[in-house]
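K.L.:
sequence and predicted model, in that order:
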Amino acid sequence: MKKATIIYWSGTGNTEMMANAIAEGVKSSGIDVEVVRVENANKDMVINSEILAFGCPSMGAEVLEEEFMEPFIESLSDVDFSGKKVALFGSYDWGDGEWMRNWVARMKEYGANLVDEEGLIIRLTPDEEGINNCKALGEQLAKE
Ligand SMILES: Cc1cc2nc3c(=O)[nH]c(=O)nc-3n(C[C@H](O)[C@H](O)[C@H](O)COP(=O)(O)O)c2cc1C
């Protein structure tokens, strides 16, 4: 049985809503999924999961949140991502998605196999369409 883990940071709940909707999509495919705030996550959770989603809004000036998410992602640089499926997601506001483009490039350097090459980004709070896109991403992650 495959294991799915979704690890995210969220300050005002938008990225958290995305995480929960992605989890619903994964679950609808019959796969167990754990949704964890990055503050409570550890590297073993990543090593032991075949299906992974990482979420973080655009913070600072187009960077990952710096106290928890940035060091956590940095700690994954030596993880063996072969055989794992990975998705990136997050909320933003006034930018053009630069933080996600940089994050995608970085995860590719780490060897991650991204199911969505652009990362799923949603401006502020996801509306119904946004939630459905998150669920669809979860279903895509869960596919063989
Ligand atoms: C300190 C801070 C820095 C931010 N920097 C950016 C930014 O550089 N680009 C951008 O598009 N949005 C930026 N935002 C907006 C957030 O990405 C946006 O409010 C997002 O919906 C927050 O997601 P969350 O509810 O999951 O915390 C920033 C917000 C805060 C509070």
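P.N.:
Happy to help now that I have it. Numbering: from 1, shown residues only.
K.L.:
residues in this structure within reach of the ligand, list them.
P.N.:
Taking CB under 6 Å from any ligand atom as the criterion, the neighbours of the ligand within the chain are 10-16, 57-62, 91-95, 124. Just so you know, the C-beta spots here come from the backbone N, C-alpha and C atoms, and that holds for glycine as well.
K.L.:
state the distance from the residue positioned nearest the centre of the chain to the ligand.
P.N.:
The C-alpha lying nearest the average C-alpha coordinate of the chain belongs to residue 54 (CA atoms, centre = their mean; 2.2 Å). Spatial separation of residue 54 from the ligand under the definition CB to the nearest ligand atom, to the nearest Å is 13 Å.
K.L.:
surely that residue and residue 73 touch.
P.N.:
Yes. Because the distance of 7.0 Å satisfies CB atoms under 8 Å, residue 54 is recorded as touching residue 73.
K.L.:
so what's the residue count around residue 30?
P.N.:
Residues within reach of residue 30, counting by other CB atoms under 10 Å, total 9.
K.L.:
helix or strand for residue 90, which one?
P.N.:
Residue 90 is part of strand 85-92, with elements assigned from DSSP states H and E.
K.L.:
gap between that strand and the chain center?
P.N.:
Relative to the mean C-alpha coordinate of its chain, strand 85-92 is positioned 4 Å out (CA atoms, centre = their mean, to the nearest Å).
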